[in-house]
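Asks: Any chance you could fold what I've pasted below:
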Amino acid sequence: MALHITERNNIIHLKGNLTTSNIRSLSSYLMHLYETRAKVSIDLNRVDEISKEVARELFRLKKNAEAVNRKLVFFYNETSELVEDQLIVNS
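Replies: Presented below is the predicted three-dimensional model:
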């Protein structure tokens, strides 16, 4: 399944497979958001697949955000609707 990127309530929602072939699109999208936001939150609840390489790239994106004084937060938890319960990487 292709990756779909949507935004609702200042949260980026990803749906589909997050792969090495589409992580660059996500990276470009995030770089644009860093121009106007101090914090970007990404919901991974509807991502079907993440490889080790993509997980490393997500960590690199987080470090890049920190380098430009921004914060990137990922969350995932199928059983809870509360964002606080879903945090994967917060600081």
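
Asks: can you list contacts of stretch 61-68?
Replies: Identification of contacts with stretch 61-68 by C-beta atoms under 8 Å, 6 or more residues apart in numbering yields 26-27, 30-31, 34, 40, 71-72, 74, 89. The C-beta positions use only the backbone N, C-alpha and C, and glycine is treated the same way.

Asks: ok, so of those, who is nearest K15?
Replies: Set against K15, the nearest of the contacts of stretch 61-68 by C-beta to C-beta is L26 (12.1 Å).

Asks: from the middle of its chain, how far away would the helix or strand hosting the closest one be?
Replies: Element membership for L26, per DSSP states H and E: helix 23-34. With C-alpha atoms, centre = their mean, to the nearest Å as the basis, helix 23-34 stands 9 Å off its chain's centre.

Asks: Give me the mean pLDDT for the lengthiest strand in the chain.
Replies: When the chain is parsed with DSSP state E, its longest strand is strand 39-50. Mean per-residue pLDDT for strand 39-50: 90.

Asks: need the contact list for A2.
Replies: Contact analysis of A2 by C-beta under 8 Å, 6+ apart lists 16-17, 22.

Asks: quick one on the thing from earlier: which pair of the contacts of stretch 61-68 spans the longest distance?
Replies: M31 and V89, at 18.3 Å, using C-beta to C-beta across the contacts of stretch 61-68.

Asks: how about low-confidence regions in this protein?
Replies: 1, 78-91 (pLDDT under 70).

Asks: In it, which residue is most central in space?
Replies: Using C-alpha atoms, centre = their mean, the residue of the chain that lies closest to the mean C-alpha position is I42, 3.6 Å off.

Asks: List the residues that contact that one.
Replies: 11-14, 72-75.

Asks: how far off helix 23-34 does the longest helix along the chain point, in degrees?
Replies: The residue-count maximum for a helix in the chain (DSSP state H) belongs to helix 52-67. With axes from the mean of the first three to the mean of the last three C-alpha atoms, to 10 degrees applied, the angle from helix 52-67 to helix 23-34 works out at 20 degrees.

Asks: how far off strand 39-50 does helix 52-67 point, in degrees?
Replies: Between helix 52-67 and strand 39-50, the angle comes out at 170 degrees (the same axes, to 10 degrees).
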